[in-house]
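Colleague: this one's sequence-less:
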Ligand code: SF4
Ligand code: F3S
Ligand code: FES
């Protein structure tokens with residue numbers, strides 16, 4: 001099929017202002033948007049910049065705005081866009097470094113601020129044995145273990161657009177994963193961070209994050225659960 005691809009371009013070293021380039025091209029309807037971008041690089045313009053790695057929805061590096069919605073370019077087929085006009089732009093709320101590549105440092109700073117790692121300095125129950133957890137206890141945080149840190153959620157959140165200090169849904173999801181882990185002992189420290197001015201209370205339940213998540217994580221629900229823990233003082 002014939003498509004008209006419009007791509008946001010910004011190459012700071014050229015001195016040119018940000019603009020859009022348009023490419024009329026023949027593609028297979030089963031091509032993914034990532035394949036289309038690769039085709040542009042191969043046939044028309046090798047200077048087009050974007051991040052990608054696994055090409056299979058695992059690494060989270062190719063989140064971009066496709067026809068106005070945050071998606072992973074490697075997970076969306078051209079035919080599923082139901083349009084021969086495709087516009088590709090960088091995700092919003094983070095500084096554009098070049099073309100579709102944004103500065104992810106603020107995103108990862110927020111991520112690191114919630115201690116996204118397992119903490120338990122207590123001695124093991126019996127020397128060399130595992131810390132046991134029931135299937136129900138494991139199930140409690142299963143959904144939030146699926147995050148691949150693509151930033152599609154945080155960069156679709158109006159509260160984050162309004163104030164980049166907001167820790168954002170991705171950081172809260174990754175805090176949730178450990179707060180509700182029965183073996184972890186650092187929930188209080190994480191909840192303190194999330195109860196700050198830049199924490200969970202900035203979430204206005206817009207739901208954009210949940211709609212954008214390529215892993216179908218129930219993000220807004222996870223945020224509500226963290227709010228409830230802060231409110232009640234109980235992890236249930
Ligand atoms: Fe991406 Fe979903 Fe993780 Fe947000 S919660 S960073 S959208 S995988
Ligand atoms: Fe933003 Fe998601 Fe809350 S889009 S306002 S973090 S529900
Ligand atoms: Fe890895 Fe798309 S390239 S998720």
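Modeller: That came through fine. These numbers come from a predicted model, not from an experiment. Ligands and ions are numbered 1, 2, ... in the order given.

Colleague: could you pull out the helices in this protein for me?
Modeller: Assigned by DSSP state H, the chain shows helices spanning 33-43, 105-113, 135-139, 158-162, 169-179, 187-194, 208-212, 219-232.

Colleague: for the most centrally placed residue in the chain, give me its contacts.
Modeller: Nearest to the mean C-alpha position of the chain, by CA atoms, centre = their mean, lies residue 151 at 2.2 Å. Residue 151 makes contact with 60, 63, 91, 94, 104, 107, 170, according to CB atoms under 8 Å, 6 or more residues apart in numbering. Yep, even glycine has a C-beta here, placed from its N, CA and C like the rest.

Colleague: max pairwise distance over these: which two?
Modeller: Largest separation among the contacts of residue 151 by CB to CB: 60 and 94, giving 14.2 Å.

Colleague: coming back round to it: would TSV of the contacts of residue 151 with pLDDT be doable?
Modeller: Converted to TSV, the contacts of residue 151 look like this (pLDDT from 0 to 100):
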residue	pLDDT
60	98
63	98
91	98
94	98
104	98
107	98
170	98
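
Colleague: turn the residues you listed into TSV, including neighbour count.
Modeller: Output for the contacts of residue 151, formatted as TSV (neighbours: other CB atoms under 10 Å):
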residue	neighbour count
60	19
63	28
91	22
94	19
104	19
107	23
170	30
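
Colleague: so which of those also contact ligand 3?
Modeller: Among the contacts of residue 151, the residues within reach of ligand 3 (CB under 6 Å from any ligand atom) are residue 60.

Colleague: which of the contacts of residue 151 fall within strands?
Modeller: residue 63 (DSSP state E).

Colleague: of the contacts of residue 151, closest to residue 212?
Modeller: Minimum distance to residue 212 across the contacts of residue 151 is 8.5 Å, recorded for residue 63 (CB to CB).

Colleague: my guess is that closest one meets residue 150, correct?
Modeller: Yes. Taking CB atoms under 8 Å as the definition, residue 63 is a contact partner of residue 150 at 4.3 Å.

Colleague: what's the overlap in contacts for these two?
Modeller: Residues touching both residue 63 and residue 150 by CB under 8 Å, 6+ apart: 72, 214.

Colleague: residue contacts, residue 146?
Modeller: Neighbour list for residue 146: 215, 216, 217 [criterion: CB under 8 Å, 6+ apart].

Colleague: tabulate those residues in TSV, adding columns for distance to ligand 1.
Modeller: Converted to TSV, those look like this (distance: CB to the nearest ligand atom, whole Å):
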residue	distance to ligand 1
215	4
216	8
217	5
